[in-house]
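S.K.: heads up, no residue letters with this:
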Ligand SMILES: [Zn+2]
């Protein structure tokens, strides 16, 4: 029987255990800890991490992970294996409506972390020591940045064949090829031969029911394909996107898009207009390629070079 030991707590088959790993104190001396929820079936099977809030302002991801935990506790019968839920990884960012830590560090660029490093690096260290060795797979829930909204998509490095198969079993709208980034959670896990999918849906600081629902249903489909859940919603077709690029603003001004998330576009198609505040200048934004709109900027006032529309190519 596989040993499951997190922060010195042993979790046996059939057990549900909640643990809190102390992180540090706020300047007010309020204790901050990292809550982790472990649900283990009687039968041996894969260990899957469901995480959110690596970026503290990506509320949608936190809500998605929480909803999955709620559904688990309200009646899923886990057929085999173990689920580990960490709905909120970056508590500091969450408290301050920020992607990062108070010193500006990004948890997702702080792996594998260190015991005596920055706050972000200490949390990365705990995840690297206590969680990554325990898991086989993971789904890490993210959103677009400030005012940048993403259509539901799973990001995986297509060189990771196991990860790509997992992404296909999740089968949300898009599967996007996304190379591993140095010091990221996903890359660090991959070095330990663990496969983490990054789910992107909605934007930071907004709760987006559509993106949450897609994240929940996709996770159920993935767990079903691993033999951990009996039923799941019907599979839908995913569009596989080998590459993706942002179309950037050729001029500053007021950005007004005429395409919507999830739409497909043709090369040369007008996707948006950039205008000045006085009606003197109007510039068309055209798609450089045939593709799909997987992300869009919702901020109307833009500077030259700003990311406008994220296009994925099949
Ligand atoms: Zn993120």
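M.R.: Arrived safely, thanks for sending. For clarity, every value in this text was computed on a predicted model and none was experimentally measured.
S.K.: when you work out contacts or count neighbours from here on, use the C-alpha atoms and nothing else.
M.R.: OK.
S.K.: for residue 64, which non-adjacent residue is closest in space?
M.R.: Nearest residue to residue 64, sequence neighbours excluded (CA to CA, 6 or more residues apart in numbering): residue 212, at 5.2 Å.
S.K.: ok, the one you found - contacts?
M.R.: By CA atoms under 8 Å, 6 or more residues apart in numbering, the contact set of residue 212 is 60-61, 63-64, 201.
S.K.: do that again at 10 Å, thanks
M.R.: Applying CA atoms under 10 Å, 6 or more residues apart in numbering, we find residue 212 in contact with 60-65, 67-68, 141, 152, 200-202, 218.
S.K.: could you pick out which of those are near the ion?
M.R.: Filtering those for proximity to the ion by CA under 5 Å from the ion leaves nothing.
S.K.: counting neighbours, which of these comes out on top?
M.R.: Counting neighbours by other CA atoms under 10 Å, the top entry in the contacts of residue 212 is residue 61, with 34 neighbours.
S.K.: is it true that that residue touches residue 142?
M.R.: Yes: Residue 61 lies in contact with residue 142 (CA atoms under 10 Å); the separation is 5.1 Å.
S.K.: who touches both of those two?
M.R.: Residues within reach of residue 61 and of residue 142 at once, by CA under 10 Å, 6+ apart, are 51-55, 199-204.
S.K.: what about residue 32, helix or strand, and which?
M.R.: Here residue 32, judged by DSSP states H and E, is contained in strand 31-40.
S.K.: mind checking how far that strand is from the chain centre?
M.R.: Distance of strand 31-40 from the chain centroid (CA atoms, centre = their mean, to the nearest Å) equals 19 Å.
S.K.: what helices or strands is it leaning on?
M.R.: When contacts are defined as 3 or more CA pairs under 10 Å, 6 or more residues apart in numbering; DSSP states H and E, strand 31-40 packs onto strand 16-25, strand 47-52, helix 59-73, strand 82-86, helix 91-95, helix 119-126.
S.K.: the same query, at a cut-off of 8 Å, please.
M.R.: With contacts defined as 3 or more CA pairs under 8 Å, 6 or more residues apart in numbering; DSSP states H and E, the packing partners of strand 31-40 are strand 16-25, strand 82-86.
S.K.: before we move on, the earlier item: now, the shared contacts of residue 61 and residue 142 that are in strands?
M.R.: With DSSP state E as the criterion, strands contain 51-52, 199-203 from among the shared contacts of residue 61 and residue 142.
S.K.: now tabulate the residues you listed in a markdown table and tack on pLDDT.
M.R.: Shown next, in a markdown table, are these (pLDDT from 0 to 100):
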| residue | pLDDT |
| --- | --- |
| 51 | 98 |
| 52 | 98 |
| 199 | 97 |
| 200 | 97 |
| 201 | 97 |
| 202 | 96 |
| 203 | 95 |
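S.K.: so which residues make contact with stretch 12-24?
M.R.: So stretch 12-24 is contacted by 3-4, 7, 9, 11, 31-44, 122-123 (CA under 8 Å, 6+ apart).
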